[in-house]
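Asker: This is the structure alone, sequence omitted:
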């Protein structure tokens, strides 16, 4: 009976949702062949039969919801098929070979990429998260559809998070806010990013979420009435000017409000963009015309005008932003953009990705340039905590827009220095940087750059980076390039110093290193866990740490012997007399009596010096 009810529930929920999916696909991609999607649905229905989620819903609902999210951003049929099958390998007996046989190489490749993310267990949470992110970055460069499916998967999981225990809710919500929402932001997918952030905020900090929600709800009714009035005023003005545009209004998202309250330490009433309007025009010229109309109707707030059309954000977001105040003193924000810009702001990289219809443009190929940079420097970062922290900076930067003397825009993180600027231009420019001019004036290298600064870097051939620069730079590229240079050159210096120390020690024993064969040095290096013989110099010996450590801990050293108490010293001597050694000929009673009286004689005895003055017999 239970099985029958389960089948009925599965049929009702999944068939209805599948019909919605097909309706959406026919509207968005009318020229595509959708037979492969029907085949994937039937295949997924077969392999997930009898499975259910924590919410009690049939498991097939989850792949269908993931496919619907992908359909909303107008992804291609291959992506939809991979979304329907993304859990089949992980949660059923189906293998990648089966997927490849039924649906082809492309679908199998994407499903395998999604399955691999998050499969390996590691010794620590940070190491696991860092490794999963490394795989995600590599997957994005290889095929962006892998990560788009992963984002859609995480979005539906967040929508049904209330069915999990509180501990798992907190863990998943934190990971979403730290990683998945920033990745969606970096890919320009504002719609998915906004929902991920609000859902993560709800479970990560429920008290703050409730406080912000209550403050917004208390103002919602008055806010909607206010937006309705100004929206009508703006429509009338645009009609008078003969500009065709779509006008929308909204109240700022809860998580964005929460971050602004924390960052600026203000109240909800002081948030300028709590209420916002969006004007979507047909051309760039109309955008600037609308900006002029808005500033004629309402007073602009100084310093709140931002032109992201002329200087797009790193995620290719483009729009005009301005904050204005009405005659009644009410402040609100207006965003002005074209249809193409709006599509990019909502769907991000999915809006123009090369798997869509049409040829690949140069701009499409540049959209993942930052990912290739991340993949480049992540290979040099071994510490999981450092990798996570630098990645978060790179995923969610607060930008500063600067210029080269020739007018090229250089986008940097907030509070960046001329050193960051130099490394963004070119690695060698950063290495040889000795000074900088900002707006024609000499400034120190620790100077903080601001939007609009014209920066000129002064270089000197042969100049080397300084370790002190690490305390100044803000961009992950500059930090990792400096660390890489320091590690390479520090190793060379350590090998040189280490070899000199080894030669110095060898001379004490009248040994020439030239007489020692390379095979013997390699064997010694292998015994100490080193890959190559020169690594013995590059390690603690060459860096100066190991020698101090040996002197402190070696029981034979004079410094260590002076710090030992008589009781510890006697215990060590008893252990030594159990095996033949230098003191085997000294009577035990004499050692004990002279130990209490004077340690000096015994030290002389060990050194082979005269012991008559200490009352001890000479060794023969």
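Answerer: That came through fine. This structure is a prediction, so every number in the text was calculated from the model and none was measured. Residues are numbered from 1 along each chain as shown.

Asker: residues touching residue 255, list them.
Answerer: 194, 197-198, 200-201 (C-beta atoms under 8 Å, 6 or more residues apart in numbering). (Glycine included, C-beta is placed from N, CA and C.)

Asker: Quick check: buried residues in the stretch of helix or strand it belongs to?
Answerer: Using DSSP states H and E, residue 255 falls within helix 254-264. For helix 254-264, a neighbour-count test (16 or more other C-beta atoms under 10 Å) marks 254-258, 260-261 as buried.

Asker: which strand residues sit across from the residue nearest to residue 288 when sequence neighbours are not counted in the sheet?
Answerer: Counting by C-beta to C-beta, 6 or more residues apart in numbering, residue 288 lies nearest to residue 320, which is 7.4 Å off, once chain neighbours are set aside. Assessed by DSSP bridges, residue 320 has beta-bridge partners residue 307, residue 336.

Asker: just residue 299 next, same as before
Answerer: What pairs with residue 299, by the bridge criterion (DSSP bridges), is residue 325.

Asker: Just give me the neighbour total for it.
Answerer: Per other C-beta atoms under 10 Å, the neighbour tally for residue 299 reads 13.

Asker: For residue 414, see how far away it is.
Answerer: 28 Å (C-beta to C-beta, to the nearest Å).

Asker: What of residue 105?
Answerer: 44 Å.

Asker: Could you check which of these two has the larger neighbour count?
Answerer: Neighbour count, other C-beta under 10 Å: between residue 105 and residue 414, residue 414 has more, with 13 against 9.

Asker: what pLDDT does the more buried one get?
Answerer: As predicted, residue 414 sits at a pLDDT of 80.

Asker: Repeat that for the one 5 residues further on.
Answerer: You'll see residue 419 listed with a pLDDT of 94.

Asker: what are the phi and psi values for residue 459?
Answerer: phi -120, psi 160 (degrees, to the nearest 10).

Asker: Just give the closest residue to it, not the sequence neighbours.
Answerer: Residue 459 sits nearest to residue 432 (C-beta to C-beta, 6+ apart), 4.1 Å away.

Asker: what inclination does the longest helix belonging to the chain have with respect to helix 254-264?
Answerer: Taking DSSP state H as the criterion, the chain has its longest helix at helix 206-241. Helix 206-241 and helix 254-264 are oriented at 100 degrees to each other (axes from the mean of the first three to the mean of the last three C-alpha atoms, to 10 degrees).

Asker: what about helix 206-241, average pLDDT?
Answerer: pLDDT averaged over helix 206-241 gives 92.

Asker: Now that helix: buried residues?
Answerer: So for helix 206-241, counting by 16+ other C-beta under 10 Å, buried means 208-209, 212-213, 215-216, 223, 226-227, 230, 234, 238.

Asker: Same list as before, these that is, but in JSON lines and with distance to residue 464 included.
Answerer: JSON lines is the format used below for these (distance: C-beta to C-beta, whole Å):
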{"residue": "208", "distance to residue 464": "47"}
{"residue": "209", "distance to residue 464": "50"}
{"residue": "212", "distance to residue 464": "50"}
{"residue": "213", "distance to residue 464": "54"}
{"residue": "215", "distance to residue 464": "54"}
{"residue": "216", "distance to residue 464": "54"}
{"residue": "223", "distance to residue 464": "57"}
{"residue": "226", "distance to residue 464": "59"}
{"residue": "227", "distance to residue 464": "58"}
{"residue": "230", "distance to residue 464": "58"}
{"residue": "234", "distance to residue 464": "58"}
{"residue": "238", "distance to residue 464": "59"}
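
Asker: Nearest to residue 478 among these?
Answerer: Lowest distance from residue 478 to the buried residues of helix 206-241 (C-beta to C-beta) belongs to residue 208, with 34.0 Å.

Asker: Need the pLDDT of the closest residue to the closest one other than its chain neighbours.
Answerer: Once flanking residues are discounted, residue 208 sits nearest to residue 258: 6.0 Å by C-beta to C-beta, 6+ apart. At residue 258 the predicted local confidence, pLDDT, stands at 92.

Asker: right, and residue 258 touches residue 210 too?
Answerer: No. Counting by C-beta atoms under 8 Å, residue 258 sits too far from residue 210 to count as a contact (11.1 Å).

Asker: what sits against residue 81?
Answerer: With C-beta under 8 Å, 6+ apart, residue 81 has these contacts: 36-37, 40, 103, 107.

Asker: Leaving aside the residues adjacent along the chain, what's closest to it?
Answerer: residue 40 (4.3 Å).

Asker: Kindly report the same for residue 347.
Answerer: residue 73 (4.6 Å).

Asker: what are the phi and psi values for that neighbour?
Answerer: phi -100, psi 20.

Asker: neighbours of it, just the number please.
Answerer: For residue 73, using other C-beta under 10 Å, the count is 22.

Asker: Confirm residue 412 sits in a helix?
Answerer: No. Going by DSSP: H, G, I helix; E, B strand; the rest coil, the assignment for residue 412 is strand, not a helix.

Asker: If it is in a bridge, with which residues?
Answerer: Applying DSSP bridges, one finds that residue 412 bridges with residue 400.

Asker: In this structure it contacts residue 451, no?
Answerer: No. Between residue 412 and residue 451 there is no contact under C-beta under 8 Å: 9.6 Å.

Asker: any weak-confidence spans in this protein?
Answerer: Scanning the chain for pLDDT under 70 picks out 1-11, 116-142, 349-398, 528-620.

Asker: hmm, try it at 50
Answerer: For the chain, the stretches with pLDDT under 50 are 1-2, 120-124, 354-361, 541-562, 581-591, 593-597, 602, 610-620.

Asker: which stretches of it form strands?
Answerer: 246-251, 275-281, 299-300, 306-307, 320-325, 331-338, 399-403, 409-413, 433-438, 441-443, 455-459 (DSSP state E).

Asker: what number of residues lie near residue 191?
Answerer: 16.

Asker: hmm, I was thinking of residue 31
Answerer: Quick note: residue 31 (other C-beta under 10 Å) scores 5 neighbours.

Asker: Roughly how far does residue 177 sit from residue 163?
Answerer: Taking C-beta to C-beta, one finds residue 177 at 20 Å from residue 163.

Asker: swap that for residue 256, sorry
Answerer: For residue 256, the distance to residue 163 - C-beta to C-beta - is 27 Å.

Asker: got it, and residue 469?
Answerer: From residue 469 to residue 163 the distance is 49 Å (C-beta to C-beta).

Asker: ok, these two, which is more surrounded?
Answerer: residue 469 (22 against 12).

Asker: Quick check, the more buried one in contact with residue 482.
Answerer: Yes. In this structure, residue 469 is within contact of residue 482 by C-beta under 8 Å, at 5.5 Å.

Asker: rewinding a little: format the buried residues of helix 254-264 as CSV; extra columns: distance to residue 293.
Answerer: Shown next, in CSV, are these (distance: C-beta to C-beta, whole Å):
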residue, distance to residue 293
254, 31
255, 32
256, 26
257, 28
258, 33
260, 27
261, 32
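
Asker: any idea which of those is the one closest to residue 67?
Answerer: Closest approach to residue 67 among the buried residues of helix 254-264 (C-beta to C-beta): residue 255, at 26.5 Å.

Asker: Thanks a lot, see you next time.
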